[in-house]
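**Q** What follows is a predicted protein model with its sequence.
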Amino acid sequence: MPGLLRLAVAQVRRDRILLPIWILGIALLGFATASAVSSEFSEEGDRRAIMAVAAVNPSLLFLRGLPDGSGIGPVVFFQGYAFTALLAGLMSTFLVVRHTRTDEELGRAELIGSTPLPRSTPLGATLLVGCAANLILAGCVAVGFAAAGLPGDGSLTAGAAVGAVGLFFVPVAALMAQVMPSGRSANGAAAALVGAAYLLRGIGDAVGTPNLELTRVTSGWISVLSPIGWGQRSRPFTAPDLVPLVVVVAAAVVLTVAVLLIRGRRDLGASLLPERAGRARSGTGGQSLVGLAWNLQRPTLIGWCVGAAVMGGIAGGLGPVVTDAVEGNNSLAELIGRLVPGVEAQIVDVFTAALIGIAGVLAAAAGIQCVLRMRAEEAEGRAELLLAVPRSRTSWLTANLALALASAVVVAAVAGSAAALGLWLTGMTGTPGTELLAASLAHVPAAAVFVAAPALAFATVPRWSVPVGWGLLAAGLILGQFGELLGLPEWLQAVSPFHHSPAMPVEAFDPMPALSMTLIALAGVGIAAYLIQRRDLTT
């Protein structure tokens, strides 16, 4: 036990900056959402109208969650729970993989294994830290809701719902660390499971059944497959129920036992899915920097494309459901008229535009991850070997940036193509497939800006490239998704590149913002290519 606690303290010390940022950021988002709803929608009639529109709008149900009353608390939970639960799952995923599979890759786990401790002790310490982090997160979220004026018992249940989801993904990430052969693949697999939980919850909510008053929606059975779906069944501000959260925690306990048993029988550095050995000699493409970058990034790019295809397929496949659910609904038509003045938009187009916008975020994330692979190569010493040959750092950077921008284009194109295919298969022929493809590609300039930002950080302060890349993407997503709700000034919302991407096919394409963002991205890439020659390699 003393060894377990000492390892846990050591892991907490390593995460003394990153973990508080995660916890306080999620709690602050919950507090800001609650404060904004309390101030912007203080009238009961306004909240009831919002819930009525949401109850018959599958796109809002997919993105936000389930309406569960017209009080301030239920509206806050509807607006913010699904996204904060998603962030809690990602926090747990990155925390666990960082201290398990990544430590094995870098040799740290071998040093700990040389001490007289059971082989499962480091994993147990990580699980303990993950559990503690999510308990603290649950408390901070509850305090944030209560500080915004929400009822105390509902705030505690809402915080527990977010913490329970994060807690569930602690052993899930640990399991992926046993299954996958590398930290990168374990992170990708675990994060994909977090995204799948969000998607399953969204699909179940989108096909849910509203009550006659349009103040509450009963989700479909699909949401039962998601821990996020179980969390929202706790109904914290209408009829608090801890039983769904107990189910989530019990599932986490079962997974924890299974992971500890697997770790006790697994050799250090081994994995349940062994890493496949590559060819003895590279092909023609592997002899260039672009070909090397492609070989390294290909599995990751395939994963992002699969996620984009799923998102686009959902956007197209749910088209008939959306149309049938809101046909003849005057409230929703009025809402669309306020959101897009002067534009006659079909509800299926609004739904498709919302999900293609999320696919634009995936495109940006694919490009960012491609750039950040260079930081891993440098920190682990492989870049030094690569650059010992007659290749410049500028050519290395530009090769990876070219692949990063190409990855963003491909992921966006896959999402648009999948949406067009889904609509065609369901018989929805109103929007041409070429228009949906153009709608997805319209998000590429914004994604390019997010690619250029970590490239600049990598060229100047490489240790900060990872937090800059993912931090800016998270900030841009929050400003885009919650900017209006939080009552942020227009200039602050405009800081996010996503704010300038047209919501096609609802909005017309404006070339000026796209051209401006493209020029900004090219300028950032050019500056990064120049500055990287002026610094030394670091670890």
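**A** Nice, thanks for sending it over.

**Q** would you list every one of the helices in the stretch 1-150 of the chain?
**A** Taking DSSP state H, counting those that start in this stretch, the helices of the stretch 1-150 of the chain run over residues 2-14, 18-40, 44-55, 58-63, 72-99, 101-106, 108-113, 121-147.

**Q** next one: the stretch 301-450 of the chain
**A** 319-326, 330-339, 347-379, 382-386, 393-425, 433-441, 444-460.

**Q** List the buried residues in the fifth one.
**A** Going by neighbour count (16 or more other Cβ atoms under 10 Å), the buried part of helix 393-425 is 393, 396-401, 403-423. Where C-beta positions appear, they are placed from N, C-alpha and C, glycine not excepted.

**Q** on that earlier part again, let's have the helices of the stretch 1-150 of the chain in a markdown table, adding mean pLDDT, mean neighbour count and distance to Arg216.
**A** Below are the helices of the stretch 1-150 of the chain laid out as a markdown table (pLDDT from 0 to 100; neighbours: other Cβ atoms under 10 Å; distance: least, Cβ to Cβ, whole Å):
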| stretch | mean pLDDT | mean neighbour count | distance to Arg216 |
| --- | --- | --- | --- |
| helix 2-14 | 85 | 15 | 41 |
| helix 18-40 | 86 | 19 | 17 |
| helix 44-55 | 78 | 19 | 7 |
| helix 58-63 | 76 | 25 | 12 |
| helix 72-99 | 90 | 26 | 9 |
| helix 101-106 | 82 | 20 | 42 |
| helix 108-113 | 75 | 14 | 49 |
| helix 121-147 | 92 | 22 | 20 |
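
**Q** Turn those into CSV, including distance to Leu473.
**A** Formatted as CSV, these follow (distance: least, Cβ to Cβ, whole Å):
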stretch, distance to Leu473
helix 2-14, 23
helix 18-40, 13
helix 44-55, 26
helix 58-63, 17
helix 72-99, 12
helix 101-106, 21
helix 108-113, 28
helix 121-147, 21
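
**Q** separation between Leu436 and Val361?
**A** Per Cβ to Cβ, to the nearest Å, Leu436 is found 17 Å from Val361.

**Q** Of these two, give the one with the bigger neighbour count.
**A** More crowded of Leu436 and Val361, by other Cβ atoms under 10 Å: Leu436, with 29 against 22.

**Q** which residue sits closest to Ala439 in space, ignoring its chain neighbours?
**A** Nearest residue to Ala439, sequence neighbours excluded (Cβ to Cβ, 6 or more residues apart in numbering): Met504, at 3.5 Å.

**Q** And for the one you found, the neighbour number?
**A** 24.

**Q** and what of Ser271?
**A** Neighbour number of Ser271 under other Cβ under 10 Å is 19.

**Q** State the helix or strand in which the closest residue to it other than its chain neighbours lies.
**A** Nearest in space to Ser271, with sequence neighbours left out and distances taken as Cβ to Cβ, 6+ apart, is Pro181 at 4.2 Å. Assessed by DSSP states H and E, Pro181 sits outside every helix and strand.

**Q** Check the gap between Pro181 and Leu245 for me.
**A** When Cβ to Cβ is applied, the distance between Pro181 and Leu245 equals 34 Å.

**Q** Pick out whichever of the two has more residues nearby.
**A** For Pro181 and Leu245, the more surrounded residue by other Cβ under 10 Å is Leu245, and the numbers stand at 25 against 18.

**Q** Phi, psi for the more buried one please.
**A** phi -70, psi -30 (degrees, to the nearest 10).

**Q** Leaving out chain neighbours, which residue sits closest to it?
**A** Ala164 (4.5 Å).

**Q** Next, count neighbours for Pro454.
**A** 31.

**Q** mind checking which helix or strand the residue nearest to it when sequence neighbours are not counted is in?
**A** Distances taken as Cβ to Cβ, 6+ apart place Gly469 nearest to Pro454, at 3.3 Å, with adjacent residues excluded. Applying DSSP H and E as the criterion places Gly469 in helix 465-482.

**Q** For that helix, name the packing helices and strands.
**A** Secondary-structure packing of helix 465-482 (3 or more Cβ pairs under 8 Å, 6 or more residues apart in numbering; DSSP states H and E): helix 18-40, helix 72-99, helix 347-379, helix 444-460, helix 490-493.

**Q** buried residues in the shortest one?
**A** Spelled out, it's helix 490-493. Per 16+ other Cβ under 10 Å, helix 490-493 contains these buried residues: Gln493.

**Q** what does it contact?
**A** Residues outside helix 490-493 that contact it (Cβ atoms under 8 Å, 6 or more residues apart in numbering): Leu479, Gly480, Gly483, Glu484, His499.

**Q** Could you turn the buried ones of the residues you listed into a ChimeraX selection?
**A** Listed next is the ChimeraX selection for buried residues among the contacts of helix 490-493, using 16+ other Cβ under 10 Å:
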select :479,480,483,499
